[in-house]
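Below are the sequence and a predicted model for it; my questions follow.
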Amino acid sequence: MSNPRNLAPRIIHLLNTRCKTRSHLRQILAHIILHNLRPDTTVAPCFIAACHSLNLLSSAAFPLYINNLTTPHTFVCNTLLKAFSHSGTPQKSPVIYSHMNKNAIPVNHYSFPFVLKALADLKLVEEGMSVHAQITKLGFLTDVYVGNSLLNLYAAAGNMSLCGKVFDEMLMRDVVSWTVVISGFKDAGRFDDALIAFERMKSEGVMPNQVTVVNTLAACAGFGALDIGVWIHEHVKMRGWDLDVILGTSLIDMYGKCGRIEEGLRVFEAMKEKNAFTWNAVIKGLALSKSGKEAITWFYRMEDEGFQPDDVTLIAVLCACVHSGLVHMGRRIFASLVDGKYGFSPSVKHYGCMIDLLARSKCLEEALRMIEKMPFEPTVSIWGALLAGCRAQGNSELSETAAWKLVELEPHNCAYYIILSNLYAEKGKWSDVEKVRKLMKDRGLKKDVGSSTVELENRERSLELVA
């Protein structure tokens with residue numbers, strides 16, 4: 001058994017069939033070291049896989065192969081890179097890559113995707129740019145998998161300029177390349193650019209896969225591009241794809257945000273499997289369409305069918321109450337939330353919805369009491385909701401209080417000064433008008449035409465909660 005050639009198959013067998021505990025693995029590690037099996041490329045992947053499954057990559061596999069005394073084979077390093085890039089400690093991947101370079105261990109087209117994935121997860125763009133330079137120097141940019149990994153690095157960091165540059169330089173592009181670019185633009189909030197990329201992809205004869213359409217549907221939802229969303233839905237039907245939870249929920253979300261929630265409900269009924277995200281998409285879509293009573297019906301149906309509402313669900317249903325003026329229902333749902341019925345405490349967003357509802361429903365004193373008692377510092381949205389309600393009902397005293405709070409929170413927003421100035425002018429308090437104007441001047445602010453639109457801004461912010 002002392003012959004390494006005879007021992008290696010035995011070690012591999014133990015790793016694949018008997019290595020169930022950390023103690024087992026450490027015994028095998030001792031044999032690998034004792035019998036100098038570190039260079040064995042048949043043992044290494046099995047040992048690394050066992051370390052991965054037992055969460056011992058950093059404490060066992062890494063020090064065995066990456067140290068000052070060893071120059072492991074490229075295959076072994078790539079196996080380590082892959083394992084760490086798919087682990088909870090991706091920061092080891094750049095160290096392995098550096099070890100390869102320092103010890104003249106050749107890298108190949110398998111090495112780069114793994115190290116780039118780790119760098120993308122860690123948002124280490126500068127280190128990624130160094131790897132990019134080596135890829136270009138060695139001529140590996142012609143490999144589509146390497147190119148896609150570079151795209152993902154820059155897209156994950158939100159650097160769509162470099163992502164686009166790499167994309168344009170790639171000699172070969174596949175559906176993954178396009179999907180990474182579309183996803184990157186979508187995640188950066190550049191929905192129009194994501195949709196332009198999608199149309200370019202189609203024009204070049206590349207058909208989207210399910211990951212592509214899910215990301216494009218999110219861009220459609222963000223941009224309100226119903227026509228492209230409908231095309232995607234037809235494409236899904238034509239390809240015969242199942243409406244799984246992710247795809248179906250994406251379609252519902254798109255239809256809801258594009259003002260066609262009735263189509264979203266048809267998608268919902270066609271789905272075999274749903275989750276809380278699916279129900280949330282329906283309730284949010286109904287809230288946006290100002291179908292408050294129907295949103296509440298679906299909220300209770302969600303509970304009846306055994307789905308646990310989460311914080312997003314409660315924001316959506318409270319927003320539905322806001323947009324339909326259902327103050328009594330909103331109070332009841334919020335009270336249940338405070339009492340712990342849903343297993344979590346209300347966040348500042350839930351309070352914001354409730355204060356908005358009360359302010360719109362002429363319950364200004366109740367809204368103010370809630371602001372004073374809430375366990376959070378009031379946000380701009382909360383004071384803005386109160387201000388909008390006060391202005392609508394002509395309550396100048398509370399309007400003044402809310403406006404000054406907004407000035408404190410956003411001292412460089414001209415709109416709040418203009419509202420204060422107008423409030424004082426309406427009451428003939430010209431000395432206070434001059435004080436506000438002087439404060440603006442001292443802070444280097446100038447009146448902007450159209451800046452006194454706080455009511456509209458607050459309405460938009462309440463819609464953003466369900467977007």
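Ah, there it is. Here the structure is a predicted model, which means the values were calculated and not measured. Numbering: from 1, shown residues only.

For stretch 319-329, measure first residue to last.
11 Å (C-alpha to C-alpha, to the nearest Å).

Distance-wise, check residue 230 relative to residue 48.
Separation of residue 230 from residue 48 (C-beta to C-beta, to the nearest Å): 48 Å. Any C-beta I mention is one placed from the backbone N, CA and C, and that applies to glycine too.

Residue 40 now?
From residue 40 to residue 48 the distance is 12 Å (C-beta to C-beta).

These two: which has the busier surroundings?
residue 48 (24 against 20; other C-beta atoms under 10 Å).

any idea whether the more buried one is helix, strand or coil?
For residue 48, the secondary-structure state derived from DSSP: H, G, I helix; E, B strand; the rest coil is helix.

Give the full set of residues in contact with it.
57, 61, 76, 79-80, 83 (C-beta atoms under 8 Å, 6 or more residues apart in numbering).

which ones among those residues are found in helices?
76, 79-80, 83 (DSSP state H).

list the buried ones in stretch 321-341?
Using 16 or more other C-beta atoms under 10 Å as the test for burial, stretch 321-341 gives 321-324, 326-327, 329-331, 333-334, 337.

Could you do stretch 107-118 as well?
For stretch 107-118, by 16+ other C-beta under 10 Å, it's 107, 109-118.

How about residues contacting that stretch?
Under C-beta under 8 Å, 6+ apart, the answer for stretch 107-118 is 74, 77-78, 81-82, 84-86, 90-94, 96-97, 100-101, 128, 131, 134-135, 138, 140, 143, 145-146, 148-150, 152-153.

Stretch 339-353 too?
With C-beta under 8 Å, 6+ apart as the criterion, stretch 339-353 contacts 308-311, 314-315, 318-319, 321-322, 330, 334, 336-338, 354, 370, 374, 376, 379, 381-382, 385, 462, 465.

could you flag which of the residues you listed are buried?
Using 16+ other C-beta under 10 Å, the buried members of these are 309-311, 314-315, 318-319, 321-322, 330, 334, 337, 354, 370, 374, 379, 381-382, 385, 462, 465.

elements contacting the helix or strand containing residue 337?
Per DSSP states H and E, residue 337 falls inside helix 327-338. When contacts are defined as 3 or more C-beta pairs under 8 Å, 6 or more residues apart in numbering; DSSP states H and E, helix 327-338 packs onto helix 292-304, helix 311-324, helix 348-360.

got the angle between that helix and helix 311-324?
With axes from the mean of the first three to the mean of the last three C-alpha atoms, to 10 degrees defining the directions, helix 327-338 sits at 160 degrees from helix 311-324.

What average pLDDT does helix 327-338 get?
The predicted model assigns helix 327-338 a mean pLDDT of 96.

how far out from the middle of the chain is that helix?
29 Å (C-alpha atoms, centre = their mean, to the nearest Å).

Check stretch 31-48 too.
On C-alpha atoms, centre = their mean, the centre of stretch 31-48 falls 41 Å from that of its chain.

just to revisit the earlier point, keep only those of the contacts of stretch 107-118 that are in helices.
Using DSSP H, 74, 77-78, 81-82, 84-85, 92-94, 96-97, 100-101, 128, 131, 134-135, 138, 145-146, 148-150, 152-153 are the members of those that sit in helices.

Show the buried residues in these.
For those, buried by 16+ other C-beta under 10 Å: 77-78, 81-82, 84-85, 92-94, 96-97, 100, 128, 131, 135, 145-146, 148-150, 152-153.

just to revisit the earlier point, the helix holding residue 337 vs helix 292-304, what angle?
Going by the same axes, to 10 degrees, helix 327-338 makes 30 degrees with helix 292-304.

burial count for the nearest residue to residue 395 once chain neighbours are set aside?
What sits nearest to residue 395 in space, not counting adjacent residues and going by C-beta to C-beta, 6 or more residues apart in numbering, is residue 364, at 5.8 Å. If you count neighbours by other C-beta under 10 Å, residue 364 ends up with 20.

how near is residue 364 to residue 429?
Taking C-beta to C-beta, one finds residue 364 at 21 Å from residue 429.

try residue 197
For residue 197, the distance to residue 429 - C-beta to C-beta - is 55 Å.

does the closest residue in space to residue 43 that isn't next to it in sequence count as helix, strand or coil?
Setting aside the residues directly before and after it, residue 43 is nearest to residue 37 in space (C-beta to C-beta, 6+ apart), at 5.0 Å. At residue 37 the chain is in coil, as set by three-state DSSP.

Show me the residue sitting in the middle of this structure in space.
Residue closest to the average C-alpha location in the chain (C-alpha atoms, centre = their mean): residue 187, at 7.2 Å.

Please identify the buried residues of the host helix or strand of residue 15?
Residue 15 belongs to helix 4-17 when elements are defined using DSSP H and E. By 16+ other C-beta under 10 Å, the buried positions in helix 4-17 come out as 4, 7-8, 11-12, 14-15.

Ok, stretch 47-54 next?
47-52, 54.

of those, closest to residue 437?
residue 52 (66.6 Å; C-beta to C-beta).

right, and the closest one touches residue 83 too?
Yes - the criterion here is C-beta atoms under 8 Å, and residue 52 meets it with residue 83 at 4.9 Å.
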